[in-house]
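Visitor: Structure for this input, please:
(chains A and B)
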Amino acid sequence: MIQLVRGFKDILPPETSVWQHVENTARQHFENFGFREMRPPVLEQAALFQRSIGENTDIVEKEMYTFAGSKDTMLTLRPEATASVVRAYIQHKLYASDPVCKFYTIGPMFRKERPQKGRYRQFHQINAEVFGVDSPYMDAQLIFMLMRYFERLSITGLRAHLNSLGCPDCRPAFRYSLSELLSARTEKLCEDCVRRLDKNPMRVLDCKKDSCRDAAADAPSMLDFLCENCAWHFNAVKSALDGMNISYEIDPRLVRGLDYYTRTAFEIQTDELGAQNAVAGGGRYDNLVEMLGGPSQPAIGFAVGVDRLIELVGSKMSFSEPGPDVFFVPMGEAAMEMSALWACRLADAGARTEADFSGRSLKALMRRADRMKAKNVLIVGDREIEENAAVLRNMKTSGQVEIPMDRLVETVFENISGQET
RNA sequence: GUGAGUGUAGCUCAGUCGGCAGAGCACCAGGUUGUGGCCCUGGGGGUCGUGGGUUCAAGUCCCAUCACUCACCCCA
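Guide: Predicted structure coming up:
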């Protein structure tokens, strides 16, 4: 048979209820902070990601699902959301209606990586982006919102890592100093790091290999190179977070994988997910809007890895699916027809309803109702049809009452209203 | 792209030295001619991932291949 594509995943019940919970909580929480939902498409021109993420990042070099569109444009299944949100922000001139725009977006992303725990080729992110605010208090507020979101989901054991990547004024000096130092020690660096040295020397800092760590042990820190404005900004972010009682760790080795980040960079980590320890990550990208052809507008955002979040939430959340309020047990053709009608009316009136039309024995149907955790069973047989009534059995107490069909909906609601969910 | 591990019933897994394909759970039926759970009895369900090879004989040994898992890489 045809099986699903490698690295892709079916999300089935009861797990889907965890997804609903995670997404609904995000919607409600983010909207409290003034964010509105945006839904950009999943497909974009390849050039959008090449220009925003960076030509020589791994994502663009070898992980994108790119194919030929019409004429000579290449199309790409989005590997991340920020570029699309920025594109939409510019294209629809959203900056014109309000100097500050805040959006969140929820959906699938695609990267052709080798799948492993917490890493799929179709994965899901919840993104939040703010345009038009360069104030450090926005950075702090965004991180506050993110940490509180995790708290609302009862996730514990998370650590916030914080760093500043500087700006085009101060970063070149740091990069130069860093590559100077590392170039003198290439023999101690792994193959990958030698390659990185050329492309993005800052990535050497978060290599996990011991020899690379040694080589970079006394490397300069970006924080020592921050220009006056960036240093002020970073300090203001930290003190605002302190004031909000958000604990964080300064991590001078924290680097973002995408080229467009500036100044504040942060990552939320856990050690409950194996090698994929980042649950969320984000930072400022003050130059991206202009780079993509929009006005000069500062921006900051983050992405939450939903698949990873689900693993953390799922293990702490009970999967108890609610059973039907009323399970119809019809016996015979006439009873089935009547049950179909009344089950529809009851469900339409707002009760969880299930009717079994298999025609199996009463015992079999009772067993199925029990397994589905039905709170009540409505038995309809020849006897009941003759009297135009049905027997409502409470599965917990085993108590039974006979109720008239023409008052079925009202009577059922009277009987189930007191029952716990 | 690289490395390691694992593929046997719907699920979790046994399967000894190469000798009839198994268990638990789940599912179905019966144990009460109209009443679930607990218990008892019975039943259905298999391309042993796939293809080749060795052998009288392969789930078991060999080769290849695919899939999954974990890790590297990268990132959310």
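
Visitor: show me what contacts A:R196?
Guide: For A:R196, the contacting residues are A:203-204, A:207, by Cβ atoms under 8 Å, 6 or more residues apart in numbering. C-beta here means a position set from N, CA and C on the backbone, and glycine is covered the same way.

Visitor: ok, which stretches of the stretch 1-150 of chain A are helices?
Guide: Assigned by DSSP state H, counting those that start in this stretch, the stretch 1-150 of chain A shows helices spanning A:15-32, A:46-53, A:58, A:82-91, A:136-152.

Visitor: buried sites along the helix or strand containing A:L341?
Guide: Here A:L341 sits within helix A:333-348, counting by DSSP states H and E. Going by neighbour count (16 or more other Cβ atoms under 10 Å), the buried part of helix A:333-348 is A:335-336, A:338-339, A:342-343, A:346-347.

Visitor: Give the closest residue to the residue most central in space within chain A in space, chain neighbours not counted.
Guide: In chain A, the centroid-proximal residue (Cα atoms, centre = their mean) is A:V306; its distance is 3.0 Å. With Cβ to Cβ, 6 or more residues apart in numbering as the criterion, A:V306 has its nearest non-adjacent residue at 3.9 Å, and that residue is A:H124.

Visitor: Quick check: which element contains the residue located most distally from the centre of chain A?
Guide: Note on chain A: the largest C-alpha distance from the chain mean falls to A:E386, namely 55.0 Å (Cα atoms, centre = their mean). Applying DSSP H and E as the criterion places A:E386 in helix A:382-387.

Visitor: Check which residues of stretch A:33-52 are buried.
Guide: A:33, A:35, A:38, A:40, A:44, A:46, A:48-52.

Visitor: what's the answer for stretch A:403-420, then?
Guide: In terms of neighbour count (16+ other Cβ under 10 Å), stretch A:403-420 has its buried residues at A:403, A:405, A:408-409, A:411-412, A:415-416.

Visitor: Tell me the secondary structure at A:M202.
Guide: Three-state call for A:M202 (DSSP: H, G, I helix; E, B strand; the rest coil): helix.

Visitor: count of residues packed around it?
Guide: Burial of A:M202 is recorded as 20 neighbouring residues (other Cβ atoms under 10 Å).

Visitor: Now for it: which residues touch it?
Guide: Each residue near A:M202 by Cβ under 8 Å, 6+ apart is listed here: A:165, A:175, A:178, A:222, A:255.

Visitor: State the distance from it to RNA strand B.
Guide: When distance is defined by Cβ to the nearest atom of the strand, to the nearest Å, A:M202 is 10 Å away from RNA strand B.

Visitor: From A:D325, how far off is that residue?
Guide: 58 Å (Cβ to Cβ, to the nearest Å).

Visitor: With A:L146 instead?
Guide: In this view, A:L146 and A:D325 are 38 Å apart by Cβ to Cβ.

Visitor: With A:W19 instead?
Guide: According to Cβ to Cβ, A:W19 and A:D325 sit 24 Å apart.

Visitor: now A:A216
Guide: From A:A216 across to A:D325, the span is 62 Å (Cβ to Cβ).

Visitor: where along the stretch 101-250 of chain A do the strands fall?
Guide: Under the criterion DSSP state E, counting those that start in this stretch, the stretch 101-250 of chain A carries strands at the ranges A:101-110, A:122-131, A:159-164, A:249-250.

Visitor: Confirm that A:V377 sits in a strand.
Guide: Yes: applying three-state DSSP, one finds A:V377 inside a strand.
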